[in-house]
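In: Here's my sequence, what's the structure:
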Amino acid sequence: MTETQRAKGLQRPPAKAGARNAKARLLSVPVWVRWTGGVFGAVLVAIFLALYFLDWNALRGPIARYASHRLGREVRIDGNLHVKLFSWQPRIDVEGLWIGNPKWLSGPPAADVKHLAVELRLLPLLRGRWILPLVEIDHPSIDVVRESDGWTNWQFSNGSNGTNIPPMRHFVLNDGHLTIDDRERNLTFAGTVSTQETGGANPSHAFQLLGHGTLNGKDFSADVRGGPLIHVDESRPYRFTADVEEGATRAVVDGAISKPFHLGEYSATATVSGRNLADLYDLTGLALPGTPAYRISGALTRDGALYRFSNFSGIVGSSDLRGSLSVDTSGKFPFLKGKVSSRTLDFADLGPVVGNTDRSAVSGLLPDTPLRIDRLRRTNAEVDYKADAIRSRDFPLRGLATHISLENSVLLLKPLAFDFSRGKLAGFVRLDARRPVTVTSLDARLTGARIEQFIQNRDKPAYGLLEARAVLSGSGNSVRTAAATADGALTVVVPEGGVRRSLAEWLGVNVLNGLGLSLTGDTSDAALRCAVVHFGARNGVLTARQMVFDTEPVLITGQGSIDMRNDTLDLTVQGKPKHFQFLHLNVPVTVHGPLTHPTIGVKAGQVVAQAGIAAVLGFLFPPAAILPFVDPDLAKNANCTGLVSEAAVQSAPVKTARRKRS
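Out: As a prediction, the model looks like this:
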């Protein structure tokens, strides 16, 4: 025996011993265990073979019934169902997928898809992570409904909000039809949506999502672009652009999703423009004030339910606008919060805020455009606004500051303060939209102002301290209707001042003195000892309860009313001289007609009566004809201290000013 054979001979016995030991261990396993393992293995092989050769169409019914049970609505598969399992990239093809609405909603199905194809990667799936190399949807019809109580037909029990979707490497949507009926926001949309992905010359725009249709009767289009999905790195932000237009409103966005396919987090620069900020309600769900045309740019970010529009700036009408705002959508209604300011505010740009969208239209003193109360009921807000300077043709305004609070359908502007070149108008405005008809309340006080700053002419016929207060409340869904039903009081006080002497004489209808001063060009002033005007408001009619103008030469009293229901006034003032007048017409001066263009005149009847008496006396004794025009009944100074003090305790009190003389 050779050494090699001897070596082989030495090696063989251990091998035989190992085989015998293995066989012994196998024989030592209980028979039932060996049979169970064999049966289990055979079952696995049978299952794999069955799945491989399975006709999946035979399982359409059971799968649809299971899905119906899980989703709480009817699900059908009316076409072929094909599943390719045995691959590193399994694929599912469904034709004729039909998903109905929940039981509380009738109408078209929630989804009707002609063909759906989905591919997924097997190994990541085994680790609990979804990656979809392909999602292809052909001719889908999607119907989205949200009821007034917030429930939608796409609300499922798993609480998914659709912001965190599995990564997709290739997404195709062919000829999609989308309808939205949002009954909570009174919003409707009907249009088509498609996607395409091409190499092209610009790889950053390889992915494109296009949509067009109508939104609340206005033309709507959306163009969303991004890089090719197949090259998406989930550890790096995914850049995108979006261009959305709805009627005259346009939003252009350029940014990045911080984590691709996690739509709940992104940052971008955004520019929005349009005819009216209020039109953004269709796109944002926010009740914004009416404005002229605007263009605003800023930084837009989203962090889950929190949106921020930071460091924005732009132009609204002829005014500049800047600030930062945030919107929290986690509650029942969006909550808007932030600070906004203007360096220069054009006062005319505030017209649309109260409903006057056409600044050139003159249909009345107050705007009659209905306020969008339904929108106020679906927004909450806490916003500060400040204007450093105000540009106005009619008022000597210098600045504006207010805090806007909107909570539970109640809008409150408090404090609301306008600064004049001298003086301030401060108070609050409250709109209560919790009832079918809105109730508007106003409490405003004017302090430290001067008469002369409200007179446009260089030749100031009057001057003096001016203070006032208005406490009014009315109901209606426009500024005009609220004023037409207003109750309350309005008080105006001039504690001291001056008036052109010729004007005072004319108001007293002192013909000789007034005519003489006017012809000689006399510009001297007479003291205005005080003036107090107090109106009581009832159902939109302001009735003069007290009207006194006490000047040095004439004491003037008046009466009448201002009707806010038709924007007219009917006032009468009567002057009584304080010194002997040789030729005095004892007639009242009337101011009546539209508030915007009143007519000034006299009551001719009393002039005729006075002239008739003069004619009779002249017939009896010619020199006596002048007697009816001589006024020996001289007026006394009014108790200005008492009048001003009384005004301070009226239902609309003003601050009593310190007087220099009585």
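In: Just to check, Ala470 is in contact with Val429?
Out: No: using CB atoms under 8 Å, Ala470 is not in contact with Val429; the gap is 10.9 Å. Just so you know, the C-beta spots here come from the backbone N, C-alpha and C atoms, and that holds for glycine as well.
In: Between those two, which contacts overlap?
Out: Taking CB atoms under 8 Å, 6 or more residues apart in numbering as the contact rule, Ala470 and Val429 both touch Leu442.
In: For the two, indicate the residue with more neighbours.
Out: Taking other CB atoms under 10 Å, Ala470 and Val429 do not tie; Ala470 has more neighbours (21 against 16).
In: Please identify the next secondary structure element, helix or strand, after the strand or helix carrying that one.
Out: Element membership of Ala470 [criterion: DSSP states H and E] is strand 462-475. Using DSSP H and E, the helix or strand that follows strand 462-475 in sequence is helix 479-483.
In: just checking, what packs against that following helix?
Out: strand 462-475 (3 or more CB pairs under 8 Å, 6 or more residues apart in numbering; DSSP states H and E).
In: model confidence over the strand it packs on, on average?
Out: Strand 462-475 shows a mean pLDDT of 91.
In: from the chain's centre, how far out does that strand sit?
Out: Centroid displacement of strand 462-475 relative to its chain, using CA atoms, centre = their mean, to the nearest Å, is 30 Å.
In: Give me the sheet partners of that strand and which way each runs.
Out: strand 439-450 (antiparallel), strand 487-494 (antiparallel), strand 497-500 (antiparallel) (DSSP bridges).
In: Include mean neighbour count and distance to Glu147 when you put those strands into a markdown table, please.
Out: Putting the strands paired with strand 462-475 into a markdown table (neighbours: other CB atoms under 10 Å; distance: least, CB to CB, whole Å) gives the following:
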| stretch | mean neighbour count | distance to Glu147 |
| --- | --- | --- |
| strand 439-450 | 19 | 28 |
| strand 487-494 | 22 | 38 |
| strand 497-500 | 22 | 62 |
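In: Indicate which one of these is closest to Val94.
Out: strand 439-450 (56.0 Å; CB to CB).
In: On the three-state scheme, Ala67 is what?
Out: Here Ala67 is recorded as helix under DSSP: H, G, I helix; E, B strand; the rest coil.
In: Likewise for His597?
Out: coil.
In: for Leu283, same thing?
Out: Secondary structure, three-state DSSP: Leu283 is helix.
In: For it, which residues are in contact?
Out: Each residue near Leu283 by CB under 8 Å, 6+ apart is listed here: Val244, Glu246, Thr249, Ala251.
In: and if we set it to 7 Å?
Out: Residues counted as contacts of Leu283 (CB atoms under 7 Å, 6 or more residues apart in numbering) are Glu246, Thr249, Ala251.
In: what do you get for Thr557?
Out: Under the criterion of CB under 7 Å, 6+ apart, the neighbours of Thr557 are Met547, Val548, Gln574.
In: How about it: which residues does it bridge to?
Out: Under the criterion used (DSSP bridges), Thr557 bridges to Val548, Gln574.
In: For the remainder of this discussion, apply numbering that starts at 18.
Out: Taking 18 as the first residue, the last one we looked at is Thr574.
In: Roughly how far does it sit from Gly348?
Out: Distance check for Thr574 against Gly348: by CB to CB, to the nearest Å, it reads 58 Å.
In: rewinding a little: make TSV from the strands paired with strand 479-492 and add distance to Pro254 and mean pLDDT to it.
Out: Formatted as TSV, those follow (distance: least, CB to CB, whole Å; pLDDT from 0 to 100):
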stretch	distance to Pro254	mean pLDDT
strand 456-467	48	92
strand 504-511	58	91
strand 514-517	67	87
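In: I'd like those written out as a markdown table, with distance to Asp436 added.
Out: Output for the strands paired with strand 479-492, formatted as a markdown table (distance: least, CB to CB, whole Å):
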| stretch | distance to Asp436 |
| --- | --- |
| strand 456-467 | 10 |
| strand 504-511 | 20 |
| strand 514-517 | 21 |
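In: do you know which of those lies nearest Thr613?
Out: Between Thr613 and the strands paired with strand 479-492, the tightest spacing by CB to CB is seen for strand 504-511, at 18.5 Å.
In: Pull the contacting residues for the closest residue to Ile182 other than its chain neighbours.
Out: Take Ile182 and drop its neighbours on the chain: the residue closest to it by CB to CB, 6 or more residues apart in numbering is Phe278, 5.1 Å away. By CB under 7 Å, 6+ apart, the residues touching Phe278 are Ile182, Pro183, Pro184, Met185.
In: Over to Glu262?
Out: Phe237, Ser238.
In: Touching, Leu226 and Ser238? I think so.
Out: No: contact status for Leu226 versus Ser238: not in contact, 11.5 Å apart, counting by CB atoms under 7 Å.
In: When the two are compared, which one has more neighbours?
Out: Just comparing Leu226 and Ser238: by other CB under 10 Å the higher neighbour count belongs to Leu226, 18 against 15.
In: how near is that one to Cys547?
Out: Per CB to CB, Leu226 is found 72 Å from Cys547.
In: Then Ala503?
Out: Distance, Ala503 to Cys547, using CB to CB: 27 Å.
In: cool, and Gly89?
Out: Distance of Gly89 to Cys547, computed by CB to CB: 77 Å.
In: Have a look at these two and say which one is more surrounded.
Out: Neighbours per residue (other CB under 10 Å) separate Gly89 from Cys547, with Cys547 holding more: 27 against 12.
In: Tell me which helix or strand the nearest residue to Ser330 once chain neighbours are set aside sits in.
Out: Nearest residue to Ser330, sequence neighbours excluded (CB to CB, 6+ apart): Arg339, at 4.2 Å. Under the criterion DSSP H and E, the helix or strand holding Arg339 is strand 336-345.
In: Buried by neighbour count: which residues of that strand qualify?
Out: Of the residues in strand 336-345, Ser336, Asp337, Leu338, Gly340, Leu342, Val344, Asp345 count as buried by neighbour count, 16 or more other CB atoms under 10 Å.
In: Same check on stretch 428-435?
Out: Buried residues in stretch 428-435, counted by 16+ other CB under 10 Å: Leu428, Leu429, Leu430, Leu433, Ala434, Phe435.
In: so where is the stretch 268-417 of the chain shaky, pLDDT-wise?
Out: Scanning the stretch 268-417 of the chain for pLDDT under 70 picks out 370-384.
In: just the strands in it please.
Out: Here the stretch 268-417 of the chain has its strands, by DSSP state E, counting those that start in this stretch, at 282-291, 311-320, 323-333, 336-345, 352-363, 397-408, 414-424.
In: quick one: which of these is nearest Leu149?
Out: With CB to CB, the closest approach to Leu149 among the strands of the stretch 268-417 of the chain belongs to strand 282-291: 20.0 Å.
In: helices or strands next to the closest one in the packing?
Out: strand 266-274, strand 311-320 (3 or more CB pairs under 7 Å, 6 or more residues apart in numbering; DSSP states H and E).
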